[in-house]
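Sequence plus predicted model, see below.
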Amino acid sequence: MAKPRVHELAKELDPTGKKVTSKVILAWLKDQGEFVKAASSAVEPPVARRVREHFAAQVQEAPADTAADKSAKTASQAPKPSKGAPK
């Protein structure tokens, strides 16, 4: 089994890159005592599994948040009457 890199894990977990970024994963791995230098660092498969399990909750919350954000943006982007419109 190939060793995944940190940036690959970030892209796999959150393709939009809004909630889970390489920086977030790097910081968490360093807190866990893992030796990682950069987003291009490879991690062992058991460590990758722990990363996936830990950040799965954050990724599951993201679709609900983005759906709410999209509906709010759509409502606020409703066409506005122009100033030169007849009364």
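Thanks, I have it.

For the protein, which residues score under the pLDDT cut-off?
61-87 (pLDDT under 70).

at 90 instead, please
1-2, 14-20, 56-87 (pLDDT under 90).

Which parts of it are helices?
Remark: helices assigned in the chain by DSSP state H are 6-13, 22-31, 45-76.

which of the residues in the second one are buried?
Looking back up the chat, that one is helix 22-31. Ser22, Ile25, Leu26, Trp28, Leu29 (16 or more other Cβ atoms under 10 Å). Placement of C-beta: from N, CA and C, glycine included.

with those in mind, which one is nearest to Lys37?
Relative to Lys37, the closest of the buried residues of helix 22-31 is Leu26; by Cβ to Cβ it sits at 8.5 Å.

isn't Lys30 right up against Ala38?
No - contact criterion Cβ atoms under 8 Å: Lys30 and Ala38 do not qualify, at 11.5 Å.

can you tell me which of the buried residues of helix 22-31 lies nearest to Val51?
Taking Cβ to Cβ as the measure, Ile25 is the one of the buried residues of helix 22-31 closest to Val51, at 6.0 Å.

if I look at that closest one, how far off is Gly17?
Distance of Ile25 to Gly17, given as Cβ to Cβ, to the nearest Å: 11 Å.

any common contacting residues for these two?
Counting by Cβ atoms under 8 Å, 6 or more residues apart in numbering, the shared contacts of Ile25 and Gly17 are Ala10.

and Ala39, what is it in contact with?
Ala39 neighbours (Cβ under 8 Å, 6+ apart): Arg5, Val6, His7, Ala10, Ser22, Lys23, Leu26.

Just flag the most distant two among the residues you listed.
Arg5 and Lys23 (14.1 Å).

how long is stretch 3-21 end to end?
18 Å (Cα to Cα, to the nearest Å).

what's it in contact with?
Contacts for stretch 3-21 (Cβ under 8 Å, 6+ apart): 22, 24-26, 29, 36, 38-45, 48, 51-52, 55-56, 58-59, 61-62, 66.
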